[in-house]
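1. what follows is a predicted structure for the sequence shown.
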Amino acid sequence: MPSSSPQQQPDAYLPPDGDATTPGGPDEAPGGTGGLRPGQGWAPGSDRTDRSRTRSAARLPWVLVAMLGTLSLVLGSLLVAQNGELQDLRRMAEQAPAPAATAAQQAPQQTQATPAPEAVAAMKKLPRRVKDDPTALGKVDAPVTMIVWSDYRCPFCSVWARDTFPQLKPYVDSGSLRIEHRDLVLFGEQSMATAIAARAAGQQGKYWEFSHAVHAAAPTSGHPEITAADLKVFAQQAGVPDLAKFSADSTSAGLKASVEKDVTEARQLGLTGTPFFVINTTPLSGAQPLQVFTQTLEANGAHK
């Protein structure tokens, strides 16, 4: 078809000899002989033959229609039968009982692997059980001890101290749990200074109150800046009675040595992150949900 024709369709059929049959044209393949060509008439003496051909050509589309109709009916019947089978299978699946859970699915997941015998022996030696230790809470002879390693600039330590620690106090009050705090300084000089200041507050019986004040002011992420002025504010909030003594003790070489002793012990144990816990002989890493702590405490004999 010439490219200049305004009637050209983009989806026109183009036969091999270059003729085109546009949509809506005669229902005849190009080059076929089933019908009359333009300009062709009836030849004298050939009416019967030509009319017979014309009638055959006219009947051909109806035969095709009848065949297609029959095929459609057959396919429709097959689809209906298949749909019925699918509905029966779906109904059977819905009525079938659910498979029972396996023993592995029913068993609760363990949060920690069983420690090696050497590790168990080492953990049994960790509790200090020092009477009147300001960094400890609970009875000296409590059947369950929980040792806590933390850094005052660790955001996860502050989250645990704010959200989980207060809910463990009933176990301490019952006499079945003792909590011992250890310092693991990870975040520089400010962390060290705060740990010493907490022990300075502990010299006046306000160790845990000071720790609570520091963690209460900490952000939920990042490592807060804790200046010397901040430490005095925390001491005031904790109710430290003698702030002058507190300031002097905050530079004490003896208290600094106590903090360094905790850090050395943690390093020897291979601890590199905070918070970290040991409940009797069960280690727990990170600020895990409260349920993990209560289940572990009660499994070791603690109670409210």
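-> Received the coordinates, thanks.
2. helix or strand right after the one helix or strand in the chain whose mean pLDDT sits lowest?
-> Counting by mean pLDDT, DSSP states H and E, the weakest-scoring helix or strand in the chain turns out to be helix 103-106, with a mean of 33. Of the helices and strands lying after helix 103-106 in sequence (DSSP states H and E), the nearest is helix 117-124.
3. measure the closest residue to Gln204 other than its chain neighbours to Phe293 for me?
-> Spatial nearest neighbour of Gln204, chain neighbours left out: Val240 (5.4 Å); criterion: Cβ to Cβ, 6 or more residues apart in numbering. C-betas here are computed from N, CA, C, even on glycine. Separation of Val240 from Phe293 (Cβ to Cβ, to the nearest Å): 29 Å.
4. ok, those two, which is more surrounded?
-> The neighbour count for Val240 versus Phe293, taken as other Cβ atoms under 10 Å, is higher for Val240 (26 against 22).
5. so the more buried one sits in a helix?
-> No - using DSSP: H, G, I helix; E, B strand; the rest coil, the assignment for Val240 is coil, not a helix.
6. right, and it touches Phe210 too?
-> Yes - Val240 is within contact range of Phe210, at 7.0 Å (criterion: Cβ atoms under 8 Å).
7. low-confidence ranges in the stretch 1-150 of the chain?
-> Per-residue confidence for the stretch 1-150 of the chain (pLDDT under 70) gives these ranges: 1-113.
8. let's go with 50 and repeat that
-> Across the stretch 1-150 of the chain, the ranges flagged by pLDDT under 50 are 1-54, 56-58, 60, 79-83, 85-86, 88-111.
9. what helix or strand does Pro127 sit in?
-> Using DSSP H and E, no helix or strand contains Pro127.
10. how about it, phi and psi?
-> phi -60, psi 130 (degrees, to the nearest 10).
11. which residues touch it?
-> By Cβ atoms under 8 Å, 6 or more residues apart in numbering, the contact set of Pro127 is 145, 147, 178, 180.
12. same question for Thr164.
-> Here Thr164 is in contact with 287, 290, 293 (Cβ under 8 Å, 6+ apart).
13. same question, Thr294
-> Contacts of Thr294 (Cβ under 8 Å, 6+ apart): 167-168.
14. got it, and Ala218?
-> Ala218 touches 152-153, 155, 158, 224, counting by Cβ under 8 Å, 6+ apart.
15. farthest pair in those?
-> Tyr152 and Pro155 (10.6 Å; Cβ to Cβ).
16. of these two, which one has the most company?
-> A direct count of neighbours by other Cβ under 10 Å for Tyr152 and Pro155 places Tyr152 higher, at 28 against 18.
17. what touches both of Val240 and Phe210?
-> With Cβ under 8 Å, 6+ apart as the test, Val240 and Phe210 both reach Ala201.
18. can you give me the neighbour number for Thr194?
-> Residues lying near Thr194 (other Cβ under 10 Å) number 26.
19. make JSON lines out of the contacts of Ala218 and add secondary structure.
-> Shown next, in JSON lines, are these (three-state DSSP):
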{"residue": "Tyr152", "secondary structure": "coil"}
{"residue": "Arg153", "secondary structure": "coil"}
{"residue": "Pro155", "secondary structure": "helix"}
{"residue": "Ser158", "secondary structure": "helix"}
{"residue": "Pro224", "secondary structure": "coil"}
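20. average pLDDT for stretch 220-232?
-> Averaged across stretch 220-232, the pLDDT comes to 95.
21. what does stretch 279-293 give?
-> The pLDDT scores in stretch 279-293 average 97.
22. what segments of the stretch 151-300 of the chain are helices?
-> 155-163, 169-173, 189-202, 207-217, 228-238, 243-249, 253-269, 290-299 (DSSP state H, counting those that start in this stretch).
23. buried deepest among these, which one?
-> Among the helices of the stretch 151-300 of the chain, helix 189-202 has the highest mean neighbour count (mean count of other Cβ atoms under 10 Å), at a mean of 23.
24. for Asp230, see how far away the closest residue to Val144 other than its chain neighbours is.
-> Among residues not flanking Val144 along the chain, Ala302 sits closest, at 4.2 Å (Cβ to Cβ, 6+ apart). According to Cβ to Cβ, Ala302 and Asp230 sit 35 Å apart.
25. repeat for Gln237
-> From Gln237 to Asp230 the distance is 10 Å (Cβ to Cβ).
26. Asp132 too?
-> Asp132 is 28 Å from Asp230, by Cβ to Cβ.
27. could you do Val130 as well?
-> In terms of Cβ to Cβ, Val130 sits 29 Å off from Asp230.
28. next: Gln288.
-> Counting by Cβ to Cβ, the gap from Gln288 to Asp230 is 29 Å.
29. Arg199: what's it in contact with?
-> 134-135, 207, 249, 255, 258-259.
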